[in-house]
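Would you be able to build a 3D model of this:
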Amino acid sequence: MTLLFHISDLHFGLEDPAALAWLADCVARERPAAVLITGDLTMRARPREFAAACDWIGTLDVPVTVEVGNHDLPYFNLVERFFDPYRRIRGIEALLERELDLPGVAIVPLKTTARAQWRLDWSKGRVTPKALARTLAAIDGAPPGSRILVTAHHPLVEAGTKGRALTRGGARALRELAARGVTAVLTGHVHDAFDLVQSTAAGPIRMIGAGTLSRRIRSTPPSFNALRLDPATGALDVSVRNLAAVPTPDMQIRDIPPDALPPREPGDPVAPVGTVPPVDPPVH
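All right, here's what the predicted structure looks like:
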C-alpha cells in the first residue's frame, strides 16, 4: 500500500501556521511516499511569499511535486508574467510539474494555469493542446503496469454547473485521461475537499480535490487528503484530515462548486480602472 499526502492552496501570505505545522508533523511521523501539492503556494506571488513557501516545502524531507496555481503567477508585473512567470519560484524549480515514479504508481502533472486568456477572468483553468499532449506522453511513457495519478490545480469539469466554463479544454482532457485508465485526477483551487466519479465518453474517471491549508477557508476547516493506493489492484482510499476533527464524509462536498470565493481580506488590492485584472478573481 502506497501512502500519499495530497495538499493544496497553501497561500503563503495568508497561510495558517497551525495547519502547516500539523501537516509537517504528519509527514515526519508517517513518512508518506510523496507529498503532492496542487497549486497556489502564495497569495500574490510576491518574492517573500515564495521564499516562505519554498523554505517550508524544503523541511518536508520526502519527495514532493508542485503544480503552479493561478495565484502563483505574477500579479502586478505583467512583463514578468508573460516572459518569465516562474522566476520567483526558482527556489524549488526542480519540483515544479515534476513527474514521480514510485513503486507501482506514477504521478503525472497536467498544467491548467494560463498567463492570459480570451476572457476577463484569468484565474480560471485552461488545458492547452500542448499541455495535454505532454501529459499524455508522460502517461504513455510510465513504467508498464503503473497506476497513474494526474495532478493539476483546477478541477477539469464542473459537476451540476453546466456552461460556466470553469476549465477550458478540461472536458477533452478528462476524456483522454479516462481513455488511458488514469486512476484519479487530483486538484485544488476550490478550498473544499471532494471525491466524485465523472462520466466521460471514454468511461468514468475519479476526480479528487484537496482543501486548503490557509486562512482562506470556504465552508470547511483547513485540511489535506491522505491517499492509500494499492498498486496491485488499483484500489484507492481517500480520507480527509482536518484540524477540527470533522468526520471525513462531512468534509467532502458533493460536487465542484461553480464559485468558491473565500472572503476578501482587508487590504486586498483592486485593479486600477481601465486595466484587466490578471488574477484577482471573482471566482476562486
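
How about Ala232: what's its closest non-neighbour residue?
Using C-beta to C-beta, 6 or more residues apart in numbering and skipping residues adjacent in sequence, the residue nearest Ala232 is Gly104, 7.2 Å away. C-beta here means a position set from N, CA and C on the backbone, and glycine is covered the same way.

Val150 too?
Nearest to Val150 is Val185, by C-beta to C-beta, 6+ apart, at 4.7 Å.

Just say helix, strand or coil for the one you found.
In three-state terms, and counting by DSSP: H, G, I helix; E, B strand; the rest coil, Val185 is strand.

Can you tell me how far it is from Asn242?
According to C-beta to C-beta, to the nearest Å, Val185 and Asn242 sit 22 Å apart.

on that earlier part again, show the contacting residues for the residue nearest to Ala232.
Neighbour list for Gly104: Thr2, Gly145, Ser146, Arg147, Pro231, Ala232 [criterion: C-beta atoms under 8 Å, 6 or more residues apart in numbering].

can you pull out the helices in this protein?
Remark: helices assigned in the chain by DSSP state H are 17-30, 47-58, 78-83, 129-140, 170-179, 248-251.

Could you list every helix and strand in contact with the fifth one?
The reference is to helix 170-179. When contacts are defined as 3 or more C-beta pairs under 8 Å, 6 or more residues apart in numbering; DSSP states H and E, helix 170-179 packs onto helix 129-140, strand 205-209.

And those: which comes nearest Ile7?
Closest of the helices and strands packed on helix 170-179 to Ile7 is strand 205-209, at 11.5 Å (criterion: C-beta to C-beta).

what's the average pLDDT for the closest one?
Average pLDDT, strand 205-209: 97.

my guess is Thr248 contacts Asn225, does it?
No: judged on C-beta atoms under 8 Å, Thr248 makes no contact with Asn225 at a distance of 9.5 Å.

who's in contact with the most centrally placed residue in the chain?
Centroid check for the chain by C-alpha atoms, centre = their mean gives Thr38 as the closest residue, at 2.3 Å. By C-beta under 8 Å, 6+ apart, the contact set of Thr38 is 6-9, 67, 69, 151-153, 186-189, 210.

now do 6 Å
Shown in contact with Thr38 (C-beta atoms under 6 Å, 6 or more residues apart in numbering): Ser8, Glu67, Thr151, His153, Leu186, Thr187, Gly188.

follow-up on the earlier one: more crowded one of Val185 and Asn242?
Using other C-beta atoms under 10 Å as the criterion, Val185 and Asn242 rank with Val185 on top: 27 against 19.

Read off the pLDDT value for that one.
Per-residue pLDDT puts Val185 at 98.

Leu41 against Ala53, yeah?
Yes: Leu41 lies in contact with Ala53 (C-beta atoms under 6 Å); the separation is 4.1 Å.

Same drill for those two, tell me which one is more crowded.
Between Leu41 and Ala53, counted using other C-beta under 10 Å, the more crowded position is Leu41 (29 against 26).

Kindly provide the distance from the more buried one to Met207.
Counting by C-beta to C-beta, the gap from Leu41 to Met207 is 22 Å.

what does Cys26 give?
Using C-beta to C-beta, Cys26 is found at 24 Å from Met207.

The two - which one has more neighbours?
Met207 (23 against 16).

hang on, isn't the more buried one packed against Val185?
Yes: the pair Met207 and Val185 passes the contact test of C-beta under 6 Å, sitting 5.3 Å apart.

what are the ranges of the strands in the chain?
Along the chain, the segments classed as strands by DSSP state E run 2-7, 34-37, 64-66, 100-102, 105-109, 125-126, 147-151, 167-168, 184-187, 193-198, 205-209, 223-229, 236-242, 252-253.

Could you tell me the least trusted of the ones you listed?
Minimum mean pLDDT among the strands of the chain: strand 125-126, a mean of 84.
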